[in-house]
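In: Sequence and computational prediction follow.
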Amino acid sequence: MKSAPILLYISIVVFAGVMIGIIPALFVLVLMILSMFTLNRHEIIVALTFAFVPVLGMAFSHYNIGIPSSLVCLLTVLLFSFKEIGKIIKNNRRPITYIFALWAIMLAYYFITGRTENSSSKIVVMSELVILYSLAVFILSSAKDIRFDKIAPFLLMSGVFIVAAAHDYSSYPAFSGLFDFDTIRSEFSLRKRNLDEGGVSYQKIGMQVICAEALFLSASKKFDFNSFFLLFVCSWIALVSGSRQAILGVLVIFGAWIILKNGKGIKKGDVVLSIIALFVLILGLSTLELDIFSDLFQSDSSVEESTGRDYLYPLAIIQSNLLFGVGFGNYENPFIDGEVYPHNLFLEILCEMGIIGLAVISIVIITWYINEKPVFMQRVNSGGLAALIVLPFLIRSMISDDLSYNFVLFVLVFTLFAKRSNNFQVNNGKL
């Protein structure tokens, strides 16, 4: 494996500086922007899409720049991929067909049933992200000149930026030291949830961390020093974020990598090793006296108490609106202030689109599976393991965020699991 870029090595220094209050968020942002010059054009497109949307969202919000970060990233990606857009569309017609079909279903449901402000913002964000991620994922899947170990540190640094911005931009209390694992989660819980792109969220930090881990390990077939270093930094940031799904996500992705790293099939020995490693790590976490695990490992805690999610209300909504749901973007939990989605992709579809909507979506997915005969164990042209790249988005869709963000899962699945013969090779990514 090639030596990892310097940004990976200095990420731990920068994060330590953030935790002790000597490195501000602006420094992290400038460092990320300057480091972009070490990437080629294709890597810039992927980094912008995966790492910079939440970063620029928080920066724009703080500096009163009234432009959606997803739109800025989309326009920039279009600029960098302008010469290849025709070829991208031509050679990805099959994934585009299925992506467009699902998006059209959502759009139709919005026009027919959407009646809230959340409905409108939801379809707009979804549409922007569908185009943005489609372009990036088509290139990620097809280009041979992308190094995932160069992109992963940008995702790490975006998590570091959000941690720094919590204090600098959102007036969170100063951290008590390098290993302050309670401030972000406890402070976020005390405040009214800010669901726009400029708000601090421990889930945002966690998603960047597990994406960084998945991208880095996806191109690695052995656990070397660089992998250990990245896993340590990911675990540290995840613990600081207070995001339990991120902490468990780090463990799950590592276990999945042990099983899938050869990309040729699942070996029994790797499965056993993965289970043992995960058991030991989870057992170790359960012994830590941290508030974020106090409910998770209590035997008498309910599912709702352990996960911090209300799954009973969405089930009641499904039961009373079984066929057509409550309408696209119309879900709202009156018992939890600001909760406008049930934190699960399938529950959200059932709540807002009903069994009819889920059936229509299922027809598209089943048609894709029958016609395309997807390959789940393959690698993309630049060497990344497709299943590991998809995994963070699968984890997020099951426990966090709404359909506008989780629709990206379908973009990844339809594209990365397509047979390599269905893909194309784009031009060299040099600037």
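Out: Cool, the structure landed. Only a predicted model underlies this, so the values are computations on that prediction, with no experimental measurement involved.
In: OK, contacts around Ser220?
Out: Contact analysis of Ser220 by CB atoms under 8 Å, 6 or more residues apart in numbering lists 1, 149, 226-227, 257, 261. For the C-beta atoms, the positions are set from N, CA and C on the backbone; glycine is no exception.
In: Filter those residues down to the buried ones.
Out: Buried subset of the contacts of Ser220 (neighbour count, 16 or more other CB atoms under 10 Å): 149, 226-227, 257, 261.
In: Tell me which of those residues fall in strands.
Out: Among the buried ones among the contacts of Ser220, no member falls in strands (DSSP state E).
In: Tell me the spacing between Ile10 and Ile96.
Out: For Ile10, the distance to Ile96 (CB to CB, to the nearest Å) stands at 39 Å.
In: likewise Val125?
Out: Where Ile96 is concerned, Val125 sits at a distance of 20 Å (CB to CB).
In: Which positions within stretch 360-369 qualify as buried?
Out: Buried-residue list, stretch 360-369, by 16+ other CB under 10 Å: 360-361, 364, 368.
In: my bad, should have said stretch 334-344
Out: Neighbour-count burial for stretch 334-344, counted by 16+ other CB under 10 Å, picks out 339-344.
In: Please convert those residues to JSON lines, extending it with distance to Pro54 and pLDDT.
Out: Listed next are the buried residues of stretch 334-344 as JSON lines, based on distance: CB to CB, whole Å; pLDDT from 0 to 100:
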{"residue": "Glu339", "distance to Pro54": "20", "pLDDT": "82"}
{"residue": "Val340", "distance to Pro54": "19", "pLDDT": "85"}
{"residue": "Tyr341", "distance to Pro54": "17", "pLDDT": "87"}
{"residue": "Pro342", "distance to Pro54": "22", "pLDDT": "91"}
{"residue": "His343", "distance to Pro54": "18", "pLDDT": "87"}
{"residue": "Asn344", "distance to Pro54": "21", "pLDDT": "91"}
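In: The nearest residue to Ile162 once chain neighbours are set aside: neighbouring residues, count only.
Out: What sits nearest to Ile162 in space, not counting adjacent residues and going by CB to CB, 6 or more residues apart in numbering, is Ile205, at 4.9 Å. When neighbours are defined as other CB atoms under 10 Å, Ile205 has 26 of them.
In: Quick check: phi and psi at Ile205.
Out: The phi/psi pair for Ile205 (degrees, to the nearest 10) reads phi -60, psi -50.
In: show me the contacts for it.
Out: Ile205 makes contact with 159, 162-163, 184, 237-238, 240-241, 243, 246, according to CB under 8 Å, 6+ apart.
In: Which of the residues you listed fall within strands?
Out: Per DSSP E, those never map to strands.
In: Tell me which of the residues you listed has the lowest pLDDT.
Out: Among the contacts of Ile205, Ser243 has the lowest pLDDT, at 82.
In: thinking that one is in contact with Ile210, fair?
Out: No: with contact defined as CB atoms under 8 Å, Ser243 does not reach Ile210; the gap is 9.3 Å.
In: quick one: low-confidence parts of this protein?
Out: 1-4, 189-200, 262-309, 420-431 (pLDDT under 70).
In: for it, what spans make up the strands?
Out: Using DSSP E, no strands are found in the chain.
In: Output the longest helix belonging to it.
Out: The residue-count maximum for a helix in the chain (DSSP state H) belongs to helix 345-372.
In: same for that helix, what does it pack against?
Out: If contacts are counted by 3 or more CB pairs under 8 Å, 6 or more residues apart in numbering; DSSP states H and E, helix 345-372 sits against helix 93-113, helix 312-320, helix 403-406, helix 408-416.
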